[in-house]
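Undergrad: coords please:
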Amino acid sequence: MTTASATPPIDHARLVDEIRAWARELGFQQAGIAGVDLGADETHLLNWLAEGRHGEMDYMERHGTRRSRPQDLVAGTVRVISVRMDYLPAAARDGWDTLGDPDAAYVARYALGRDYHKVMRNRLQKLADRIATRTGPFGYRAFVDSAPVLERALARNAGLGWIGKHTCLINKDAGSWFFLGEIYTDLPLPLDAEASAHCGTCTRCLEVCPTQAIVAPYQVDARRCIAYLTIEFGGSIPLELRRPMGNRIYGCDDCQLACPWNKFAVPTPEADFLPRHGLDDSTLLALFAWTEEDFLSRTEGSPIRRTGYVGWLRNIAVALGNAPFSPATLAALDARRDHPSDLVREHVAWALDEQLARRDAAAR
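TA: Purely as a prediction, here's the structure:
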């Protein structure tokens with residue numbers, strides 16, 4: 001009597017080593033393994049939602065606890081493979097330099113190049129395919145900011161960094177200029193140790209925030225956050241927050257620019273993340289002159305598409321209202337005075353009033 005030979009068991013510890021190596025080959029700077037217990041983070045999330053700090057991001061509430069319970073989002077999940085990919089482009093104009101030039105347009109560093117969702121999603125799929133060559137078919141789903149996932153908490157638990165007081169993830173060897181992605185899986189991989197925190201007594205991120213959106217350490221009120229206002233929010237920007245926005249037309253990086261740990265940040269080797277269409281060094285007037293066709297063409301494959309053309313004009317109008325007075329700025333705003341969008345007209349009218357007040361003040 002003979003018996004069929006059993007399939008050799010998977011050496012999960014060795015597999016994790018291979019996953020790390022494959023991740024690096026695919027362009028990720030680091031990979032780690034986290035479990036699915038996010039109880040403390042769930043409490044923090046629910047309190048944040050109860051306080052209304054998510055603004056008009058209603059989907060945050062609709063997702064309920066699926067965000068903090070990976071096994072509820074993808075049945076059978078027992079581990080999360082968390083990865084990070086650097087995105088800071090070395091060739092881009094210095095962020096502080098751009099912010100210090102009131103005629104320049106500031107675009108968040110992450111949005112200067114190609115949409116990271118597509119770049120990372122394709123790489124994660126390749127990583128999953130490589131894993132399958134060792135394990136055979138296995139249960140998984142890959143995410144890149146595309147589903148209710150507590151990506152920073154999972155990355156922390158996977159040892160990729162700690163959540164800073166500005167709520168971004170910080171790695172002691174690489175700063176915070178990186179994207180995160182995940183593979184939810186049913187493979188019982190060995191867990192990595194949670195990263196320890198190293199913010200200490202530093203409060204630079206709280207102090208530098210233009211709108212004081214970081215209301216306390218580890219607590220951000222999205223309703224005051226320039227990233228939320230210029231990207232996620234589709235309404236009228238509150239009057240009291242318009243001047244603090246300065247020349248930031250898409251997102252805001254001040255808390256990261258001020259973080260001491262970013263002296264260790266490594267420029268990205270990814271050509272896809274290099275600035276497109278000169279967005280790291282464009283003037284407000286040049287971008288305000290874009291037609292809708294220009295906007296759609298030049299933001300193809302870019303995360304900037306998310307704000308839409310009306311939002312784009314709204315944001316730049318506010319920045320022009322904050323710019324030094326010039327006849328060219330006045331003329332550009334006046335040309336948009338009768339724009340079909342109520343939202344654009346409102347912000348253009350505010351900007352015109354600001355420009356005229358600045359001109360009159362200089363004449364006195």
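Undergrad: Any idea how many residues pack against G251?
TA: Other residues within reach of G251, judged by other CB atoms under 10 Å, total 22. Using the backbone N, CA and C atoms, a C-beta is placed for each residue, glycine as well.
Undergrad: Now do the contacts for the closest residue in space to it that isn't next to it in sequence.
TA: Closest residue to G251 apart from its sequence neighbours, by CB to CB, 6 or more residues apart in numbering: A108 at 2.7 Å. Neighbour list for A108: 227, 250-253 [criterion: CB atoms under 8 Å, 6 or more residues apart in numbering].
Undergrad: Can you tell me which of the residues you listed is nearest D94?
TA: D253 (11.3 Å; CB to CB).
Undergrad: Quick check: the closest one touching L112?
TA: No - with contact defined as CB atoms under 8 Å, D253 does not reach L112; the gap is 10.7 Å.
Undergrad: tell me the phi and psi of the residue nearest to G251?
TA: The phi/psi pair for A108 (degrees, to the nearest 10) reads phi -50, psi 140.
Undergrad: same question, the one 3 residues further on
TA: As for A111, its main-chain torsions (degrees, to the nearest 10) stand at phi -100, psi 10.
Undergrad: That one and E207, how far apart?
TA: With distances defined as CB to CB, to the nearest Å, the gap from A111 to E207 amounts to 25 Å.
Undergrad: circling back to that earlier point, in strands only, show me the contacts of A108.
TA: Where the contacts of A108 overlap with strands, as defined by DSSP state E, the overlap consists of Y250.
Undergrad: Other residues contacting stretch 250-264?
TA: Contacts with stretch 250-264, where a contact means CB under 8 Å, 6+ apart, come from 95-96, 99, 106-111, 164, 166, 168, 170-177, 198, 202, 204-205, 207-210, 214, 225-227, 230-231, 304, 307, 312, 315.
Undergrad: so the closest residue to G27 other than its chain neighbours is in which element?
TA: In this structure, G27 finds its nearest non-sequential neighbour in R123, 5.9 Å apart by CB to CB, 6+ apart. Under the criterion DSSP states H and E, the helix or strand holding R123 is helix 116-135.
Undergrad: Next up, the contacts around the spatially closest residue to P188 that is not a sequence neighbour.
TA: Once its chain neighbours are removed from consideration, P188 has its nearest residue in V78; the separation is 5.8 Å (CB to CB, 6+ apart). Each residue near V78 by CB under 8 Å, 6+ apart is listed here: 35-36, 71, 185-188.
Undergrad: Nearest to Y116 among those?
TA: Y116 lies nearest to T185 out of the contacts of V78, by CB to CB, at 21.7 Å.
Undergrad: Would you quantify the distance from that closest one to I19?
TA: The spacing between T185 and I19, counted by CB to CB, is 10 Å.
Undergrad: Can you check which residues contact both of those two?
TA: With CB under 8 Å, 6+ apart as the test, T185 and I19 both reach 81, 131.
Undergrad: what's next to stretch 140-148, contact-wise?
TA: Contact with stretch 140-148 is made by 59, 63, 66-67, 73-74, 116-117, 120-121, 124-125, 127-128, 131, 149, 151, 179-187, as judged by CB under 8 Å, 6+ apart.
Undergrad: same thing but 7 Å
TA: Outside of stretch 140-148, the residues that reach it under the criterion CB atoms under 7 Å, 6 or more residues apart in numbering are 63, 66-67, 73-74, 117, 120-121, 124-125, 128, 149, 181-185.
Undergrad: same deal with stretch 35-44?
TA: 65, 68, 70-71, 77-80, 150, 153, 157, 191.
Undergrad: How about it, which residues are buried there?
TA: 35-36, 38, 41-42, 44 (16 or more other CB atoms under 10 Å).
Undergrad: just checking, which of the residues you listed belong to helices?
TA: In this view, those that belong to helices under DSSP state H are 41-42, 44.
Undergrad: Please convert those residues to CSV, extending it with distance to A265 and pLDDT.
TA: Listed next are these as CSV, based on distance: CB to CB, whole Å; pLDDT from 0 to 100:
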residue, distance to A265, pLDDT
D41, 25, 97
E42, 30, 96
H44, 26, 95
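Undergrad: Quick one: those as JSON lines, columns for distance to Q219 too.
TA: What follows is these, written out as JSON lines (distance: CB to CB, whole Å):
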{"residue": "D41", "distance to Q219": "13"}
{"residue": "E42", "distance to Q219": "16"}
{"residue": "H44", "distance to Q219": "9"}
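Undergrad: Of the residues you listed, which is the nearest to W350?
TA: Using CB to CB, the shortest approach to W350 within those belongs to H44, at 36.0 Å.
Undergrad: how far away is that closest one from I226?
TA: 22 Å.
Undergrad: cool, and D17?
TA: 41 Å.
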